[in-house]
Every structure is written in C-alpha cells, then in structure tokens.
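Colleague: Got a sequence here, can you build the structure:
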Amino acid sequence: MNIIITSIGRRVQLIEHLKETFTVIGVDASDCNAGRYFADRFFMIPRCDDNKYLSELLRIAEENDVKLILPLYEKEFAVLCDNREMFEQKGIKILLSDKEIINICNNKLATQKFFEKEGIMAPELVNNAPAILKPVDGMGSRGVYVARTEAELEAAKTLSGNEYIIQEKIEGTEYTVDVLCDFEGNIVSVVPRIRLEVRSGEVAKSRTINDKAVIDKTVELIDKLNKYGKVAGPVTVQCFVTEKKEIVFIEINPRVGGGVPLTFEAGINYGDFIKKFINGYVHKDGICEFKEIGMLRYDKAVYTSL
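Modeller: As a prediction, this is how the structure comes out:
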C-alpha cells in the first residue's frame with residue numbers, strides 16, 4: 001500500500017517508521033533534503049501557494065496508486081482541506097482534521113479564543129513582561145520571543161514583523177502530548193512526553209510519562225475540539241504542569257510532532273493504525289496503553305554531491 005508524505009524535509013525517523021507498513025512516497029518543494037534519501041520514491045512538487053501544486057500532487061498520487069496523503073506543513077493544510085473532495089473522488093484519503101479545526105489550531109489568536117470559550121486553562125493575554133510573544137500564524141518556534149523585561153518585550157514587538165499575541169510566561173514542567181485520532185474523531189492514543197531539552201523548537205531529550213491528569217485533560221480538550229468538526233489523524237498538544245499541579249495548555253498543532261518517534265518506541269504503531277484508517281477502521285477500544293521510555297537524540301548526516 002502506497003502513501004505520500006508531503007514536505008518530508010528531515011523527517012527521517014517518521015519515514016522509516018511508516019516504511020515498515022507502507023511504500024512511502026516523499027514530496028517536497030525542494031530536492032535538497034535528507035528525507036528523499038530514505039523515502040521509497042521522491043518527487044519534487046511546486047510550493048503549496050503555486051496554482052500547479054494541487055494538480056501535481058494529484059497526478060503523483062494517481063500515477064503511484066496512493067491511498068493516503070499525510071501532510072506535514074501547516075501552510076498546506078487549508079489548501080488540502082478546501083480540495084479534499086478532489087482527492088477523495090479518486091480514492092485518496094487525506095489524514096488531516098476538518099477545516100474548522102485547522103482554523104482554530106493554525107491561528108494563535110483563534111486558539112486562545114477556543115481555550116477561553118471552552119474553559120480550558122491557558123496563559124492569559126498580557127502587555128507586560130515576563131511574557132511570550134508569538135506570531136499569530138507562527139509555526140514551531142519561528143518568530144517566538146521570550147521577554148523577561150519590559151525592554152526585551154518592546155524589542156520583540158519591534159522585531160516581529162507579523163501580527164502577534166503576547167501571553168504571560170508560564171513556569172513549570174513542559175509537556176508535548178502526541179494524540180492520534182481516527183477519521184471519525186475517536187481518540188486512539190494520548191502519549192505525554194516531558195520536554196527535557198529543546199533545540200530550535202524540536203525536542204532533543206525527552207521521555208514519555210503516564211500522567212493520568214495530563215492524559216485526561218488532553219482527552220477533554222480533544223472532545224471539545226470535536227464539537228467544531230472532526231479531529232482526524234495526528235495532533236500535537238503542548239502544555240505546562242505548574243508547581244500547583246495546574247495543567248496549562250499553550251498550543252494545539254494538527255499534525256505529527258517532531259518528537260513523535262519517541263511515541264512509536266513507546267508502543268504506539270502509527271503505521272498499523274493508519275493502515276486500518278485507510279480500510280475504514282473506527283476505533284472503539286479506548287485509549288491505547290504505552291510504556292514509559294526516554295529518548296536522547298543525536299545528529300546524523302546524508303552525504304551527497306548536491
């Protein structure tokens with residue numbers, strides 16, 4: 001069975017995991033990436049803001065008998081949501097939440113309003129330090145500034161060329177929670193990971209932890225999101241647990257997280273579940289169990305003539 005992963009970039013461990021179940025076809029707007037050397041096949045395609053993007057992606061999918069597309073890049077999500085039917089008519093599923101969910105998650109102000117409306121504990125919006133300044137349409141850690149003083153906050157406002165939000169700085173233990181849902185919004189797995197060390201927005205040292213409070217609050221969050229549309233596929237939720245044991249949510253990303261290989265090693269086989277989703281599986285067995293395990297990442301390179 002063949003699947004496409006878009007914007008494969010450097011997501012080598014994700015590719016290798018899914019290759020255990022599928023023939024993985026990687027696509028990217030650049031041919032200068034490590035992922036292409038690990039995918040079974042690779043195709044360069046136009047950027048998602050190019051009017052040829054959809055037709056090229058569909059052509060590659062049809063010519064390679066692709067059953068599912070797993071998008072990784074936030075800027076592709078709205079385009080693919082708007083044109084989902086085009087692919088589904090050809091028997092190609094897109095593992096991505098509904099457009100309403102994407103709109104909430106990909107806009108930091110919309111996420112904040114969702115938190116407030118649904119009574120989910122989140123950082124307050126402020127205009128004084130210490131604070132975190134984030135672009136409204138930001139991705140990962142790009143454009144995020146930590147301002148510890150008023151001077152740093154004013155400098156961050158000047159440096160940020162985009163619309164932004166300013167949140168209070170939360171202190172505590174930072175978690176990333178890997179969530180997987182079927183196409184009907186049923187939760188398959190919820191795996192919290194403590195972020196022990198982060199480099200360039202992606203976790204370098206981490207461990208899974210069976211924290212019932214974090215799991216229960218994350219399930220509650222996903223259930224509330226499901227009121228706005230169907231949450232489907234991978235979702236990455238970020239939160240802090242404070243000294244008072246309060247669980248404060250800061251972000252929801254409707255995609256696979258960079259540290260998800262740790263969740264694979266903890267016993268959640270995304271490949272097996274995605275294959276079941278393609279075949280119409282609806283999950284009714286409750287949340288899957290996982291083991292507690294640590295991860296220490298290191299750098300590895302591909303050498304090529306370029």
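Colleague: List of residues touching stretch 61-69?
Modeller: Stretch 61-69 is contacted by residues 1-6, 25, 41, 57, 60, 80, 87, 90-95, 274, 277-278 when judged by CB atoms under 8 Å, 6 or more residues apart in numbering. Heads up, the C-betas are built off the backbone N, CA and C, glycines and all.
Colleague: Can you pull the poorly scored residue ranges out of the protein?
Modeller: 161 (pLDDT under 70).
Colleague: again, only using 80
Modeller: 139-142, 159-162, 200-202 (pLDDT under 80).
Colleague: pull the longest helix from it.
Modeller: helix 212-225 (DSSP state H).
Colleague: Pull out the buried residues from that one.
Modeller: Buried positions in helix 212-225, judged by neighbour count with 16 or more other CB atoms under 10 Å: Val214, Ile215, Lys217, Thr218, Leu221, Ile222, Lys224, Leu225.
Colleague: Distance check, Lys134 against Val146.
Modeller: The gap separating Lys134 from Val146 is 10 Å, by CB to CB, to the nearest Å.
Colleague: who has more neighbours, these two?
Modeller: Neighbours were counted for Lys134 and for Val146 using other CB atoms under 10 Å; Lys134 has more, 25 against 13.
Colleague: residues touching the more buried one, list them.
Modeller: Contacts for Lys134 (CB under 8 Å, 6+ apart) come out as Lys108, Gly143, Val144, Tyr164, Ile165, Gln167.
Colleague: who are the neighbours in contact with the fourth one?
Modeller: The neighbourhood of Tyr164, defined by CB under 8 Å, 6+ apart, consists of Leu133, Lys134, Pro135, Val136, Gly143, Lys157.
Colleague: these two touch, right, the first one and Ser160?
Modeller: This points to Leu133. Yes. Under the criterion of CB atoms under 8 Å, Leu133 makes contact with Ser160 at 6.1 Å.
Colleague: Show me the common contact partners of these two, please.
Modeller: Common neighbours of Leu133 and Ser160, using CB under 8 Å, 6+ apart, are Tyr145.
Colleague: The two: who's more crowded?
Modeller: Relative neighbour count places Leu133 above the other of Leu133 and Ser160, with 22 against 17, counting by other CB under 10 Å.
Colleague: now the helices: where do they sit in the stretch 101-250 of the chain?
Modeller: 108-117, 150-159, 212-225 (DSSP state H, counting those that start in this stretch).
Colleague: quick revisit: quick one: which of the buried residues of helix 212-225 is nearest to Asn103?
Modeller: Leu225 (11.4 Å; CB to CB).
Colleague: Run through the residues that contact the closest one.
Modeller: Per CB under 8 Å, 6+ apart, neighbours of Leu225: Ile101, Ile104, Phe114, Val231, Ile252.
Colleague: Equivalent analysis for Ser189, please.
Modeller: Residues in contact with Ser189 (CB under 8 Å, 6+ apart) are Asp178, Val179, Leu180, Thr263, Ile268, Phe273, Ile287, Cys288, Phe290.
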